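> Just to be clear, the model below is a prediction. Sequence and coordinates:
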Amino acid sequence: MLSQTSEYALRAVLYVAASGGAAVKIDQIAEALAVPRNYLSKTLHHLARVGVLSSGRGPNGGFRLAVPPEELTLSQVVGPFDPFVEGKQCLLGRTVCSDASPCAAHGRWQEISTQVCSFFRETSIADLLSGASTLPSAAVV
């Protein structure tokens, strides 16, 4: 359902959030999550540009959450990469898809899409962390 970039972003944000506010280096995140470092670096820098993460350089540098985990929604994390979570988009990719001009999947997808969007808008990073039994890793997240 999510693009690979969104999945990496979500897994990495969960990992950073689980660090308890300490800066986490990209190499540590990439290794723990078994994600390609360069791809992850671009993804996390994009999240920093949109205000999800903050980043710093140097010996004490790394990535931290820019927003408290209780206030950071899944929509904010994956929305920059998968805009479907921010609003209604046609399942079949049509630019105009509405009740007046529906695609073949419109009637069945509309209700499900609303529920999926609500899940991403209403679920916080803290909600996911509270349900995890261990720190996010390649096997857990």
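Happy to help now that I have it. Numbering: from 1, shown residues only.

> Could you list the buried residues of the helix or strand of the chain with the lowest mean pLDDT?
For the chain, the helix or strand with the lowest mean confidence is helix 106-122, at a mean of 86 (criterion: mean pLDDT, DSSP states H and E). Burial within helix 106-122, assessed by neighbour count using 16 or more other C-beta atoms under 10 Å, is assigned to 106, 109, 113, 117, 120. Quick note: C-beta positions are derived from backbone N, CA and C, even for glycine.

> Kindly report the same for stretch 70-85.
Within stretch 70-85, the residues that count as buried by 16+ other C-beta under 10 Å are 72-82, 84-85.

> ok, residues contacting it?
Contacts of stretch 70-85 with the rest of the structure, by C-beta atoms under 8 Å, 6 or more residues apart in numbering, involve 2-3, 5-6, 9-10, 13, 17, 43, 46-47, 50, 52, 65, 67, 86, 89, 113, 116-117, 119-126, 128.

> what's the model's confidence in it, averaged?
In this model, stretch 70-85 has a mean pLDDT of 88.

> which element follows whichever strand or helix holds I29 toward the C-terminus?
Element membership for I29 (DSSP states H and E) is helix 26-33. As assigned by DSSP H and E, the chain's next helix or strand after helix 26-33 is helix 37-49.

> Now do the buried residues in the helix or strand following that following helix.
Counting by DSSP H and E, the element after helix 37-49 in chain order, helix or strand, is strand 53-56. Going by neighbour count (16+ other C-beta under 10 Å), the buried part of strand 53-56 is 53, 55.

> helices or strands next to strand 53-56 in the packing?
Other elements packing on strand 53-56 under the criterion 3 or more C-beta pairs under 8 Å, 6 or more residues apart in numbering; DSSP states H and E are helix 37-49, strand 62-65.

> Which single one of the buried residues of helix 106-122 is nearest to A22?
The nearest member of these to A22, counting by C-beta to C-beta, is F120 at 26.7 Å.

> OK, contacts around the closest residue to D99 other than its chain neighbours?
In space, and not counting its chain neighbours, D99 is closest to H106: 7.5 Å by C-beta to C-beta, 6 or more residues apart in numbering. Residues near H106 by C-beta under 8 Å, 6+ apart: 90-91, 97-99.
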